[in-house]
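Trainee: Fold the following and give me the result.
(chains A, B, C and D)
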Protein chains: 2
Amino acid sequence: MAPDPLSRVFAALADPTRRDMVARLAAGDATVNELAAPYDVTIQAVSKHLRVLHDAGLVSRTRDAQRRPVHLEAEVLDLMTKWIERYRREAEERYRRLDDVLAAMPDDVEPVPPARSRLAQEGTS
Amino acid sequence: MAPDPLSRVFAALADPTRRDMVARLAAGDATVNELAAPYDVTIQAVSKHLRVLHDAGLVSRTRDAQRRPVHLEAEVLDLMTKWIERYRREAEERYRRLDDVLAAMPDDVEPVPPARSRLAQEGTS
DNA sequence: GTTGTATTCAACCAGATAGTTGATTGCAAG
DNA sequence: CTTGCAATCAACTATCTGGTTGAATACAAC
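Mentor: Take a look at the predicted model:
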(Lines give C-alpha, C1' and ligand atoms only; values in the text may rest on other atoms or scores of the structure.)
Protein backbone atom coordinates (compact mmCIF):
# COMPACT_ATOMS: atom_id res chain seq x y z
CA MET A 1 0.00 0.00 0.00
CA ALA A 2 1.13 3.59 -0.58
CA PRO A 3 2.91 5.00 2.45
CA ASP A 4 1.75 8.62 2.24
CA PRO A 5 -1.84 9.66 3.06
CA LEU A 6 -2.36 11.71 -0.08
CA SER A 7 -1.42 8.81 -2.36
CA ARG A 8 -3.78 6.53 -0.46
CA VAL A 9 -6.73 8.90 -0.87
CA PHE A 10 -6.09 9.51 -4.57
CA ALA A 11 -5.65 5.78 -5.20
CA ALA A 12 -8.81 4.97 -3.25
CA LEU A 13 -10.88 7.31 -5.43
CA ALA A 14 -9.26 6.12 -8.68
CA ASP A 15 -11.72 3.22 -8.74
CA PRO A 16 -15.24 3.97 -10.06
CA THR A 17 -16.89 1.44 -7.75
CA ARG A 18 -15.28 3.04 -4.72
CA ARG A 19 -16.20 6.53 -5.92
CA ASP A 20 -19.78 5.36 -6.27
CA MET A 21 -19.69 4.00 -2.73
CA VAL A 22 -18.43 7.33 -1.43
CA ALA A 23 -21.16 9.11 -3.35
CA ARG A 24 -23.81 6.90 -1.79
CA LEU A 25 -22.31 7.20 1.68
CA ALA A 26 -22.50 10.98 1.35
CA ALA A 27 -26.28 10.52 1.57
CA GLY A 28 -26.04 8.44 4.73
CA ASP A 29 -24.35 5.53 6.52
CA ALA A 30 -24.86 2.00 5.21
CA THR A 31 -23.89 -1.59 5.93
CA VAL A 32 -21.67 -3.71 3.73
CA ASN A 33 -24.64 -5.67 2.42
CA GLU A 34 -26.54 -2.52 1.53
CA LEU A 35 -23.50 -1.08 -0.21
CA ALA A 36 -22.91 -4.29 -2.15
CA ALA A 37 -26.47 -4.52 -3.52
CA PRO A 38 -26.07 -2.41 -6.71
CA TYR A 39 -22.87 -4.11 -7.91
CA ASP A 40 -22.63 -7.56 -9.40
CA VAL A 41 -19.47 -8.50 -7.54
CA THR A 42 -19.24 -10.68 -4.45
CA ILE A 43 -19.67 -9.20 -1.00
CA GLN A 44 -16.04 -10.06 -0.32
CA ALA A 45 -14.93 -7.78 -3.13
CA VAL A 46 -17.02 -4.96 -1.66
CA SER A 47 -15.50 -5.66 1.75
CA LYS A 48 -12.06 -5.24 0.20
CA HIS A 49 -13.06 -1.93 -1.39
CA LEU A 50 -14.22 -0.74 2.01
CA ARG A 51 -10.89 -1.67 3.54
CA VAL A 52 -9.15 0.48 0.94
CA LEU A 53 -11.46 3.40 1.73
CA HIS A 54 -10.89 2.82 5.44
CA ASP A 55 -7.09 2.71 5.07
CA ALA A 56 -7.32 6.00 3.19
CA GLY A 57 -9.24 7.49 6.12
CA LEU A 58 -12.31 8.07 3.96
CA VAL A 59 -14.68 5.92 6.02
CA SER A 60 -14.97 4.74 9.61
CA ARG A 61 -16.63 1.61 10.94
CA THR A 62 -18.73 1.18 14.04
CA ARG A 63 -20.46 -1.90 15.36
CA ASP A 64 -24.19 -2.66 15.63
CA ALA A 65 -24.70 -6.34 16.49
CA GLN A 66 -23.32 -8.27 13.54
CA ARG A 67 -23.59 -5.23 11.27
CA ARG A 68 -20.64 -2.90 10.80
CA PRO A 69 -22.16 0.34 9.51
CA VAL A 70 -19.91 2.41 7.30
CA HIS A 71 -19.65 6.16 7.83
CA LEU A 72 -18.12 8.67 5.42
CA GLU A 73 -15.34 10.82 6.88
CA ALA A 74 -15.49 13.78 4.55
CA GLU A 75 -12.69 15.80 6.16
CA VAL A 76 -10.04 13.75 4.36
CA LEU A 77 -11.38 15.10 1.07
CA ASP A 78 -10.06 18.50 2.14
CA LEU A 79 -6.54 17.10 2.01
CA MET A 80 -7.01 16.52 -1.68
CA THR A 81 -8.75 19.78 -2.56
CA LYS A 82 -6.00 21.70 -0.74
CA TRP A 83 -3.33 19.98 -2.80
CA ILE A 84 -5.21 20.37 -6.08
CA GLU A 85 -6.23 23.97 -5.55
CA ARG A 86 -2.71 25.01 -4.62
CA TYR A 87 -1.21 23.98 -7.95
CA ARG A 88 -4.22 24.93 -10.04
CA ARG A 89 -3.98 28.43 -8.60
CA GLU A 90 -0.23 28.53 -9.10
CA ALA A 91 -0.54 27.50 -12.75
CA GLU A 92 -3.35 29.97 -13.28
CA GLU A 93 -1.33 32.86 -11.86
CA ARG A 94 1.65 32.01 -14.00
CA TYR A 95 -0.65 32.04 -17.02
CA ARG A 96 -2.05 35.42 -16.02
CA ARG A 97 1.46 36.88 -15.62
CA LEU A 98 2.43 35.54 -19.06
CA ASP A 99 -0.58 37.34 -20.55
CA ASP A 100 0.54 40.56 -18.88
CA VAL A 101 4.02 40.25 -20.39
CA LEU A 102 2.64 39.63 -23.86
CA ALA A 103 0.22 42.52 -23.54
CA ALA A 104 3.00 44.89 -22.45
CA MET A 105 5.29 43.84 -25.31
CA PRO A 106 5.63 46.28 -28.27
CA ASP A 107 4.26 44.88 -31.55
CA ASP A 108 7.65 44.88 -33.36
CA VAL A 109 9.32 42.60 -30.81
CA GLU A 110 9.71 38.91 -31.67
CA PRO A 111 7.44 36.88 -29.38
CA VAL A 112 10.11 34.53 -27.90
CA PRO A 113 10.58 32.38 -31.00
CA PRO A 114 12.69 29.25 -30.27
CA ALA A 115 11.43 29.22 -26.68
CA ARG A 116 13.63 26.86 -24.73
CA SER A 117 11.80 25.63 -21.64
CA ARG A 118 11.71 27.68 -18.48
CA LEU A 119 14.00 25.41 -16.47
CA ALA A 120 16.54 25.36 -19.30
CA GLN A 121 16.61 29.15 -19.40
CA GLU A 122 17.42 29.32 -15.69
CA GLY A 123 20.80 27.82 -16.42
CA THR A 124 21.67 30.24 -19.24
CA SER A 125 21.76 33.61 -17.48
CA MET B 1 -5.85 1.73 -18.34
CA ALA B 2 -9.01 3.09 -16.67
CA PRO B 3 -11.71 3.90 -19.22
CA ASP B 4 -13.29 6.92 -17.51
CA PRO B 5 -11.54 10.31 -17.34
CA LEU B 6 -12.06 10.80 -13.61
CA SER B 7 -10.43 7.47 -12.76
CA ARG B 8 -7.48 8.31 -14.99
CA VAL B 9 -6.88 11.64 -13.28
CA PHE B 10 -7.19 10.24 -9.77
CA ALA B 11 -4.92 7.30 -10.65
CA ALA B 12 -2.38 9.64 -12.25
CA LEU B 13 -2.13 11.71 -9.07
CA ALA B 14 -2.02 8.65 -6.79
CA ASP B 15 1.73 8.43 -7.43
CA PRO B 16 3.97 10.77 -5.40
CA THR B 17 6.52 11.13 -8.21
CA ARG B 18 3.80 12.21 -10.64
CA ARG B 19 2.31 14.61 -8.08
CA ASP B 20 5.74 16.12 -7.64
CA MET B 21 6.06 16.53 -11.39
CA VAL B 22 2.71 18.30 -11.55
CA ALA B 23 3.79 20.55 -8.67
CA ARG B 24 6.96 21.51 -10.54
CA LEU B 25 5.12 21.99 -13.83
CA ALA B 26 2.76 24.41 -12.09
CA ALA B 27 5.77 26.73 -11.87
CA GLY B 28 6.52 26.43 -15.58
CA ASP B 29 7.00 24.11 -18.55
CA ALA B 30 9.96 21.72 -18.60
CA THR B 31 11.58 19.05 -20.75
CA VAL B 32 11.72 15.37 -19.87
CA ASN B 33 15.38 15.61 -18.92
CA GLU B 34 14.78 18.56 -16.63
CA LEU B 35 11.87 16.80 -14.99
CA ALA B 36 13.90 13.62 -14.51
CA ALA B 37 16.84 15.33 -12.79
CA PRO B 38 15.59 15.23 -9.16
CA TYR B 39 14.62 11.55 -9.19
CA ASP B 40 17.00 8.61 -9.16
CA VAL B 41 15.09 6.60 -11.71
CA THR B 42 15.89 6.21 -15.40
CA ILE B 43 14.71 8.75 -17.93
CA GLN B 44 12.55 6.01 -19.45
CA ALA B 45 10.63 5.66 -16.21
CA VAL B 46 10.02 9.42 -16.16
CA SER B 47 8.89 9.25 -19.78
CA LYS B 48 6.36 6.61 -18.76
CA HIS B 49 5.08 8.78 -15.91
CA LEU B 50 4.60 11.61 -18.37
CA ARG B 51 2.61 9.36 -20.64
CA VAL B 52 0.27 8.58 -17.73
CA LEU B 53 -0.14 12.29 -17.00
CA HIS B 54 -0.73 12.93 -20.69
CA ASP B 55 -3.34 10.17 -20.98
CA ALA B 56 -5.11 11.71 -18.01
CA GLY B 57 -5.17 15.05 -19.83
CA LEU B 58 -3.02 16.68 -17.17
CA VAL B 59 -0.18 17.67 -19.48
CA SER B 60 0.29 18.47 -23.16
CA ARG B 61 3.41 18.08 -25.28
CA THR B 62 4.74 20.40 -27.94
CA ARG B 63 7.88 20.13 -30.02
CA ASP B 64 11.02 22.26 -29.97
CA ALA B 65 13.76 20.59 -32.05
CA GLN B 66 14.59 17.34 -30.26
CA ARG B 67 13.05 18.56 -26.98
CA ARG B 68 9.41 17.85 -26.18
CA PRO B 69 8.48 20.46 -23.57
CA VAL B 70 5.79 19.43 -21.12
CA HIS B 71 2.98 21.83 -20.25
CA LEU B 72 0.56 21.51 -17.35
CA GLU B 73 -3.14 21.55 -18.33
CA ALA B 74 -4.67 22.69 -15.06
CA GLU B 75 -8.30 22.70 -16.22
CA VAL B 76 -8.56 18.93 -15.74
CA LEU B 77 -8.01 19.46 -12.03
CA ASP B 78 -11.42 21.15 -11.94
CA LEU B 79 -12.99 17.83 -12.88
CA MET B 80 -11.71 16.40 -9.62
CA THR B 81 -12.52 19.31 -7.36
CA LYS B 82 -16.07 19.38 -8.74
CA TRP B 83 -16.52 15.71 -7.88
CA ILE B 84 -14.94 16.01 -4.45
CA GLU B 85 -16.71 19.20 -3.44
CA ARG B 86 -20.09 17.84 -4.44
CA TYR B 87 -19.97 14.95 -2.02
CA ARG B 88 -18.11 16.79 0.72
CA ARG B 89 -20.87 19.41 0.66
CA GLU B 90 -23.57 16.75 0.57
CA ALA B 91 -22.09 14.94 3.60
CA GLU B 92 -21.68 18.24 5.41
CA GLU B 93 -25.30 19.23 4.85
CA ARG B 94 -26.55 15.89 6.06
CA TYR B 95 -24.47 16.33 9.19
CA ARG B 96 -25.89 19.80 9.73
CA ARG B 97 -29.47 18.51 9.36
CA LEU B 98 -28.76 15.76 11.86
CA ASP B 99 -27.59 18.38 14.35
CA ASP B 100 -30.83 20.29 13.81
CA VAL B 101 -32.90 17.20 14.53
CA LEU B 102 -30.98 16.44 17.69
CA ALA B 103 -31.27 20.05 18.84
CA ALA B 104 -35.03 20.10 18.23
CA MET B 105 -35.56 16.81 20.08
CA PRO B 106 -37.10 17.05 23.61
CA ASP B 107 -34.72 15.86 26.35
CA ASP B 108 -36.93 12.93 27.41
CA VAL B 109 -36.91 11.28 23.97
CA GLU B 110 -34.57 8.35 23.37
CA PRO B 111 -31.96 9.38 20.76
CA VAL B 112 -32.56 6.52 18.28
CA PRO B 113 -30.87 3.81 20.30
CA PRO B 114 -30.36 0.63 18.24
CA ALA B 115 -29.87 2.77 15.13
CA ARG B 116 -30.06 0.45 12.15
CA SER B 117 -28.39 2.06 9.18
CA ARG B 118 -30.19 4.62 7.07
CA LEU B 119 -30.66 2.39 4.04
CA ALA B 120 -32.02 -0.43 6.19
CA GLN B 121 -34.62 1.91 7.67
CA GLU B 122 -35.87 2.88 4.23
CA GLY B 123 -37.24 -0.63 3.83
CA THR B 124 -39.13 -0.67 7.14
CA SER B 125 -41.70 2.07 6.67
C1' DG C 1 -26.58 -25.20 21.71
C1' DT C 2 -27.82 -25.06 16.84
C1' DT C 3 -29.13 -22.28 13.07
C1' DG C 4 -28.96 -18.05 10.34
C1' DT C 5 -27.01 -13.73 8.96
C1' DA C 6 -23.24 -10.23 8.35
C1' DT C 7 -18.72 -9.76 7.64
C1' DT C 8 -13.98 -10.90 7.27
C1' DC C 9 -9.87 -13.93 6.39
C1' DA C 10 -6.96 -16.90 3.30
C1' DA C 11 -5.33 -18.53 -0.87
C1' DC C 12 -5.33 -18.08 -5.44
C1' DC C 13 -5.48 -15.89 -10.36
C1' DA C 14 -5.38 -12.49 -14.28
C1' DG C 15 -4.24 -8.15 -15.52
C1' DA C 16 -2.16 -3.57 -14.54
C1' DT C 17 1.82 -0.85 -12.91
C1' DA C 18 6.54 0.88 -12.03
C1' DG C 19 10.74 -0.13 -12.74
C1' DT C 20 14.82 -2.01 -15.43
C1' DT C 21 18.15 -2.57 -19.81
C1' DG C 22 18.92 -2.23 -24.69
C1' DA C 23 17.67 -0.70 -29.26
C1' DT C 24 15.52 3.01 -32.12
C1' DT C 25 13.98 7.54 -33.79
C1' DG C 26 14.36 12.66 -34.63
C1' DC C 27 16.93 16.40 -35.06
C1' DA C 28 21.17 19.80 -34.76
C1' DA C 29 25.78 20.60 -35.36
C1' DG C 30 30.31 19.61 -36.53
C1' DC D 1 27.29 12.16 -43.36
C1' DT D 2 28.66 11.05 -38.82
C1' DT D 3 28.39 12.26 -34.10
C1' DG D 4 25.69 13.46 -30.13
C1' DC D 5 21.71 14.45 -27.52
C1' DA D 6 16.56 14.07 -26.30
C1' DA D 7 13.11 11.09 -26.04
C1' DT D 8 10.52 6.94 -27.02
C1' DC D 9 9.81 1.99 -28.05
C1' DA D 10 10.32 -2.98 -26.83
C1' DA D 11 10.83 -6.71 -23.90
C1' DC D 12 11.26 -8.35 -19.48
C1' DT D 13 10.47 -8.57 -14.21
C1' DA D 14 8.51 -7.86 -9.61
C1' DT D 15 4.92 -6.11 -7.19
C1' DC D 16 0.08 -4.35 -6.66
C1' DT D 17 -4.85 -4.73 -7.60
C1' DG D 18 -9.48 -6.38 -8.16
C1' DG D 19 -11.69 -10.20 -8.51
C1' DT D 20 -12.86 -15.12 -7.31
C1' DT D 21 -14.10 -19.37 -4.00
C1' DG D 22 -14.13 -21.48 0.43
C1' DA D 23 -13.48 -21.36 5.37
C1' DA D 24 -13.79 -18.76 9.71
C1' DT D 25 -15.62 -15.41 13.02
C1' DA D 26 -19.20 -12.78 15.57
C1' DC D 27 -23.44 -12.19 17.04
C1' DA D 28 -28.93 -12.93 17.43
C1' DA D 29 -32.60 -15.70 17.76
C1' DC D 30 -34.85 -19.76 18.16
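
Trainee: any idea how far residue A:33 is from residue A:67?
Mentor: Taken as C-beta to C-beta, to the nearest Å, the spacing of residue A:67 relative to residue A:33 amounts to 8 Å. Backbone N, C-alpha and C define where each C-beta goes, glycine included.

Trainee: If you count surrounding residues, which of those two has more?
Mentor: Neighbour tally, residue A:67 and residue A:33, criterion other C-beta atoms under 10 Å in any protein chain shown: the higher count belongs to residue A:67, 18 against 13.

Trainee: Who are the contact partners of residue A:78?
Mentor: By C-beta atoms under 8 Å, 6 or more residues apart in numbering or on different chains, the contact list for residue A:78 reads residue B:88.

Trainee: mind running it again at 10 Å?
Mentor: In this structure, residue A:78 makes contact with B:84, B:85, B:88, judged by C-beta atoms under 10 Å, 6 or more residues apart in numbering or on different chains.

Trainee: how far away is it from residue A:33?
Mentor: Applying C-beta to C-beta, the value for residue A:78 to residue A:33 is 30 Å.

Trainee: lowest-confidence helix or strand of chain A?
Mentor: None of the helices or strands of chain A scores lower by mean pLDDT, DSSP states H and E than helix A:118-122, at a mean of 44.

Trainee: Nearest residue to residue A:83 in space, ignoring adjacent ones along the chain?
Mentor: In space, and not counting its chain neighbours, residue A:83 is closest to residue A:6: 6.2 Å by C-beta to C-beta, 6 or more residues apart in numbering or on different chains.

Trainee: Just the residues contacting whichever helix or strand the one you found is part of, thanks.
Mentor: When secondary structure is defined by DSSP states H and E, residue A:6 falls within helix A:5-13. The list of residues contacting helix A:5-13 from outside it, by C-beta under 10 Å, 6+ apart, reads A:1-2, A:4, A:18-19, A:21-22, A:49, A:52-59, A:76-77, A:79-80, A:82-84, B:6-7, B:9-16, B:18-19, B:80, B:83-84.
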